[in-house]
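[1] Sequence and predicted structure below; questions after.
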Amino acid sequence: MEQLLANLQLGFGVALTLNNLWYCLIGCFLGTLIGVLPGIGPVATIAMLLPATFALPPESSLIMLAGIYYGAQYGGSTTAILINIPGESSSVVTALDGYQMARQGRAGPALATAALGSFFAGTVSTFLLAAAAPPLAQLAFKFGPAEYFSLMTLGLIAAVVLAHGSVIKAIAMILLGLLLGLVGTDVNSGMARFSFGIPELSDGIGFVAVAMGVFGLAEIIKNLEQVEGEREVFLNKVTHLWPTKQDFKDATPAVLRGTALGSLLGILPGGGAVLASFAAYTLEKKIAKDPSRFGKGDIRGVAAPESANNAAAQTSFIPLLTLGIPPNPVMALMVGAMIIQGIQPGPQVMAERPQLFWGMIASMWVGNLMLVILNLPLIGMWIKLLTVPYRLLYPAILVFCAIGVYSLSNSPFDVVITAGFGFLGYLFVKLECEPAPLLLGFILGPMMEENLRRAMLLSRGDASTFVTRPLSAFLLAVAAILLIVIALPAIRKKREEAFVED
Amino acid sequence: MNIRNPKDFWSGVLFASIGFAFAIIVKVYDYPMGTASRMGAGYFPFLLGNILGVMGLVILAKAWVSDGGPVSKFAWRPLIWVLSAFVIFGLTAKWLGLVIAIVLLVMISSYGGHEFRWKEALISSAILAVGSVAVFVYGLKLPFPIWPEFLG
């Protein structure tokens, strides 16, 4: 406990410097600004804003990125509540009751509940993160290359099982991501692979190009498919913000349950915000005495998923910071950003860069606080933004993306590659292939190869090392069980149902 | 028998061709395979490429047994205009300077939307160009030329 407080103190010392507060604020602001745009989810938002953080020192850069993440999530909820266009899958369920509340003229309380619930969940889960990280990192030091390889396999499989859509396609997407991640110079032999003599490719494909193309550009093109309809924005109806006493009474237990469930699910590989919000909503509906009220503007239907997805957003940093393994695409982007900053994520970060580690954790709480302070008063501004027609918005987003990608290496190369991935991303949309596993694979590709090589070197080429080492065998067994379970028809049906909520 | 799931069919084609392409490249360019205990540069990609290729074939085969709707129509207009606007920005940013590159990007990409209004697009491109120069060139000091290099 004392250690925990000392760590947090160190962290707040870093996070509360004027500079870092500023970057956290900018991050939250920009994240909300882009995240509030209809049809643009957190992954796309972060991918678009990544280049803006690269010039900063590592601490500030990661603090700003974390701010962008929270902002993007909150922005997504705002869009979901006000115009029923969830920016991404984690706010799909928020839209169900949130939008109905908005139609009844209670957009203000819905938005305030989302903000306050998120803040509460963020506070609890930040402490959880701070408490759970050190022992987990200790455990991680016991991992050899074989364990790491098996852990990554488990992480990737779990990411597939817990996501929606076809499992086999998702596994293919992971493999494709792994392969794309291998493009560039092989670290062991120094040999350039799949670069075809193009010097830019020998450094590998930039992950910003992949993320921005597949998530950013492809989403913009997808959004342009639909003719822009009349959007019903409840502009004038956001008059009062504060929830009533009855609202508080209804929402509080829902927030508590959502926080608990979200914190737990966030740690799971592949879990994260989406699963948490779906699960929290389902739970509320199950235990409610009057489930018929859900979908008609019940405040619990906003409070629970919003707290859950924020709690999960927080605790999904645990596997990243302690094991160096990203559990979901947002965390994959964080890993990419850390690597660009010269930090190899993993258990050693806590020991070697305590300033960075605890500073980032403290800044999460600060970021959550800022969201409440920033977004409740600014809500009017975000609403105005929603009334700007898409035909004016998307060229502006493109300008931002183009400048960002171009400035990565100051050459047209990355811009062209990004456009290529934009095309590929659109193809994936058409073929119903979820792009998230591709990004996870892309980030993990080089790490997996490295650990596979080391493990096989240590075992003198004997592949049974993965099943004879107990910890590794356990991890692989869990992965195998997950795959078998998902293949069972009864469970497959349940899984499909879980992601269809109406 | 007919293909019942075109989406699976084309996904399968895509995955199989990319997977085997990676494996073939390893062989054609003769990346060293090494041994299981000392893996060469070609070992892991060759393995992954073949697994992906086989999975592609499995997905392809599924197209005959699973059911799924047709692949929805491609929105060629936004696809082509947005992506080419993006590429043109990359190619012109250094040569013509940021202002013209942004105007081109905004005009061309706007053309890919459902309704294109000349006046509106021109005004918004002017605003974005001025704003970007202020924020990115003067504010963040990104090394973009503002005007065409042959004029400066």
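    Cool, the structure landed. Residues are numbered from 1 along each chain as shown, chains lettered A, B, ... in the order given.
[2] Which strand or helix spans the residue nearest the centre of chain A?
    The residue lying closest to the centre of chain A (Cα atoms, centre = their mean) is residue A:330, at 3.0 Å. Assessed by DSSP states H and E, residue A:330 sits inside helix A:329-340.
[3] packing partners for the helix or strand containing residue B:24?
    Assigned by DSSP H and E, residue B:24 falls within helix B:6-28. Under the contact criterion of 3 or more Cβ pairs under 8 Å, 6 or more residues apart in numbering or on different chains; DSSP states H and E, helix B:6-28 touches helix A:167-182, helix A:412-431, helix B:43-62. The C-beta positions use only the backbone N, C-alpha and C, and glycine is treated the same way.
[4] could I get the ones you listed as CSV with mean neighbour count, mean pLDDT and distance to residue A:457?
    Output for the helices and strands packed on helix B:6-28, formatted as CSV (neighbours: other Cβ atoms under 10 Å in any protein chain shown; pLDDT from 0 to 100; distance: least, Cβ to Cβ, whole Å):
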stretch, mean neighbour count, mean pLDDT, distance to residue A:457
helix A:167-182, 25, 92, 18
helix A:412-431, 22, 94, 33
helix B:43-62, 21, 94, 12
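[5] Next, format the ones you listed as TSV and append distance to residue B:25.
    Formatted as TSV, those follow (distance: least, Cβ to Cβ, whole Å):
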stretch	distance to residue B:25
helix A:167-182	10
helix A:412-431	17
helix B:43-62	8
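[6] so which of those comes closest to residue A:218?
    Proximity to residue A:218 (Cβ to Cβ) singles out helix A:412-431 among these, at 2.9 Å.
[7] quick one: the following helix or strand past that closest one near chain B?
    Beyond helix A:412-431 on the C-terminal side, the first helix or strand identified by DSSP H and E is helix A:436-458. Yes. Judged by Cβ under 8 Å from any Cβ of the partner chain, helix A:436-458 comes into contact with chain B at A:448, A:449, A:452, A:453, A:456, A:457.
[8] if I look at residue A:25, how far off is residue A:79?
    Residue A:25 sits at a distance of 21 Å from residue A:79 (criterion: Cβ to Cβ, to the nearest Å).
[9] All the strands of chain A, in order from the start?
    Assigned by DSSP state E, the strands in chain A fall at A:184-185, A:192-193.
[10] Those: which one's closest to chain B?
    Closest of those to chain B is strand A:192-193, at 5.7 Å (criterion: Cβ to the nearest Cβ).
[11] if I pick the closest residue to residue B:87 other than its chain neighbours, what's in contact with it?
    Distance criterion Cβ to Cβ, 6 or more residues apart in numbering or on different chains; nearest residue to residue B:87, sequence neighbours excluded, is residue A:419 at 4.9 Å. The contact partners of residue A:419, by Cβ atoms under 8 Å, 6 or more residues apart in numbering or on different chains, come to A:213, A:217, B:83, B:84, B:86, B:87, B:90.
[12] tell me which element the fourth one is part of?
    When secondary structure is defined using DSSP H and E, the element that contains residue B:84 is helix B:76-111.
[13] Please name every helix or strand in contact with that helix.
    Packing partners of helix B:76-111 (3+ Cβ pairs under 8 Å, 6+ apart): helix A:218-225, helix A:390-409, helix A:412-431, helix B:118-132.
[14] per-residue confidence averaged over that helix?
    For helix B:76-111, mean pLDDT is 93.
[15] Can you list the buried residues in that helix?
    Across helix B:76-111, burial judged by 16 or more other Cβ atoms under 10 Å in any protein chain shown covers B:78-83, B:85-90, B:92-94, B:96-111.
[16] Could I get the phi/psi values of the most far-flung residue of chain B relative to its centre?
    Farthest-out residue of chain B from its mean C-alpha position, per Cα atoms, centre = their mean: residue B:37, at 36.9 Å. Main-chain torsions, residue B:37, degrees, to the nearest 10: phi -90, psi -30.
[17] Provide a list of residues in contact with it.
    Neighbours of residue B:37 in contact, by Cβ under 8 Å, 6+ apart: A:456, A:457, A:459, A:460, A:461, A:462.
[18] now do residue A:67
    For residue A:67, the contacting residues are A:23, A:24, A:25, A:26, A:27, A:28, A:31, A:363, A:367, A:370, by Cβ under 8 Å, 6+ apart.
[19] And the helix holding residue B:24, how far out from the chain middle?
    Remark: helix B:6-28 is offset 17 Å from the chain centroid, using Cα atoms, centre = their mean, to the nearest Å.
[20] what does stretch A:399-416 give?
    In terms of Cα atoms, centre = their mean, the centre of stretch A:399-416 is found 23 Å from the chain centre.
[21] Same question for stretch A:242-250.
    With Cα atoms, centre = their mean as the basis, stretch A:242-250 stands 30 Å off its chain's centre.
[22] Quick one: mean pLDDT over that stretch.
    82.
[23] Using PDB, list the CA coordinates for it.
    Below are the C-alpha coordinates for stretch A:242-250, written out as PDB (Å, rounded to 0.1, in the frame of the first residue of the first chain):
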ATOM      1  CA  TRP A 242     -27.900  17.700 -14.400                       C
ATOM      2  CA  PRO A 243     -29.600  14.400 -13.800                       C
ATOM      3  CA  THR A 244     -32.500  14.300 -11.400                       C
ATOM      4  CA  LYS A 245     -32.400  12.700  -7.900                       C
ATOM      5  CA  GLN A 246     -34.300   9.700  -9.300                       C
ATOM      6  CA  ASP A 247     -31.700   9.500 -12.100                       C
ATOM      7  CA  PHE A 248     -28.900   9.300  -9.600                       C
ATOM      8  CA  LYS A 249     -30.700   6.700  -7.700                       C
ATOM      9  CA  ASP A 250     -31.200   4.600 -10.800                       C
END
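[24] re earlier: from the contacts of residue B:37, which single one is nearest residue A:189?
    residue A:457 (13.6 Å).
[25] ok, now which ones touch that closest one?
    Taking Cβ under 8 Å, 6+ apart as the definition, contacts of residue A:457 comprise B:37, B:38.
[26] Backbone torsions only: list them for residue 36.
    Since you didn't name a chain, this refers to chain A. According to degrees, to the nearest 10, residue A:36 has phi -80, psi -20.
[27] you looked at the wrong chain, it should be chain B
    phi -60, psi -30.
[28] Tell me how many other residues crowd the residue lying closest to it once chain neighbours are set aside.
    In space, not counting the residues next to it along the chain, residue B:36 is nearest to residue A:461; the distance is 3.7 Å by Cβ to Cβ, 6+ apart. For residue A:461, the count of nearby residues is 14 (other Cβ atoms under 10 Å in any protein chain shown).
[29] now do residue A:488
    11.
[30] Roughly how far does it sit from chain B?
    17 Å (Cβ to the nearest Cβ, to the nearest Å).
[31] can you check residue A:240 too?
    Computed as Cβ to the nearest Cβ, the residue A:240 to chain B distance reads 34 Å.
[32] now swap in residue A:417 and tell me
    Distance from residue A:417 to chain B, by Cβ to the nearest Cβ: 9 Å.
[33] domain ranges for chain B?
    For chain B, automatic domain parsing gives the domain ranges B:6-62, B:76-139.
[34] Distance across the last one, terminal residue to terminal residue?
    The straight-line separation of the ends of domain B:76-139 (Cα to Cα, to the nearest Å) is 37 Å.
[35] Might you enumerate the residues of the stretch 51-200 of chain A proximal to chain B?
    Checking the stretch 51-200 of chain A against chain B by Cβ under 8 Å from any Cβ, the hits are A:55, A:166, A:168-169, A:171-172, A:175-176, A:178-179, A:182, A:186, A:188-189, A:191, A:193-194.
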